[in-house]
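In: could you work out the structure for the sequence below:
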Amino acid sequence: MLQLEHLNLVVKDIEASVDFYLTAFPHWKIRGQGTGEWFGKARRWLHIGDDFQYLTLNDDGEDDIRSHTGHQVGVSHFAFVTNNLEVIRKRLIDAGYPLFSEGNPTDYRKNVYFLDPAGFEVEFVEYLTDQPALRNQYV
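Out: Next up, the predicted model:
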């Protein structure tokens, strides 16, 4: 079995990113943190998540993230599955994070996109069936 354990993200403002992810996932915690050097540049890092999956955030970011409407190489978005999309949507909007896109809902899933403070596009998806053939329809 293989599963994704973590994503390692480079950001400019760790605290702003922590606020966003703790708003989306109030059960998450900072699992560990420290400082170090990456190819000659000092940085702070931390792991935020639960006991099984997490994000690594590093504060040595430079430049801007790729355009979400462009064609530059890089991460387009990443997604988290939830069993209650409306709760996450409301929690993020109430905390002042604007909805980026309504997504592409079908009869078998709902999804929305937000931009985190670093500019990463984060999808939240709720599947309305347990049947893989229906969940994974590409229309």
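
In: so, low pLDDT: which residues of this protein?
Out: Where the chain drops to pLDDT under 70, the residues are 139.

In: mind listing the strands for the protein?
Out: Along the chain, counting by DSSP state E, strands occupy 6-10, 29-38, 41-49, 54-58, 78-81, 99-101, 109-115, 121-127.

In: most tightly packed of these?
Out: Highest mean neighbour count of the strands of the chain: strand 54-58, a mean of 21 (counted as mean count of other C-beta atoms under 10 Å). Any C-beta I mention is one placed from the backbone N, CA and C, and that applies to glycine too.

In: just the angle between that strand and strand 6-10, please?
Out: Between strand 54-58 and strand 6-10, the angle comes out at 20 degrees (axes from the mean of the first three to the mean of the last three C-alpha atoms, to 10 degrees).

In: can you tell me the strand partners of strand 54-58 and which way each runs?
Out: Using DSSP bridges, strand 54-58 pairs in its sheet with strand 6-10 (parallel), strand 41-49 (antiparallel).

In: list the residues that contact the residue nearest the centre of the chain.
Out: Relative to the mean C-alpha position of the chain, the nearest C-alpha, by C-alpha atoms, centre = their mean, is the one of residue 122, at 4.2 Å. Going by C-beta atoms under 8 Å, 6 or more residues apart in numbering, residue 122 touches 24, 77, 78, 79, 80, 113, 114, 115, 116.

In: picking that back up, need the strands of the chain in JSON lines (columns: distance to residue 133).
Out: Shown next, in JSON lines, are the strands of the chain (distance: least, C-beta to C-beta, whole Å):
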{"stretch": "strand 6-10", "distance to residue 133": "28"}
{"stretch": "strand 29-38", "distance to residue 133": "36"}
{"stretch": "strand 41-49", "distance to residue 133": "30"}
{"stretch": "strand 54-58", "distance to residue 133": "31"}
{"stretch": "strand 78-81", "distance to residue 133": "17"}
{"stretch": "strand 99-101", "distance to residue 133": "26"}
{"stretch": "strand 109-115", "distance to residue 133": "13"}
{"stretch": "strand 121-127", "distance to residue 133": "12"}
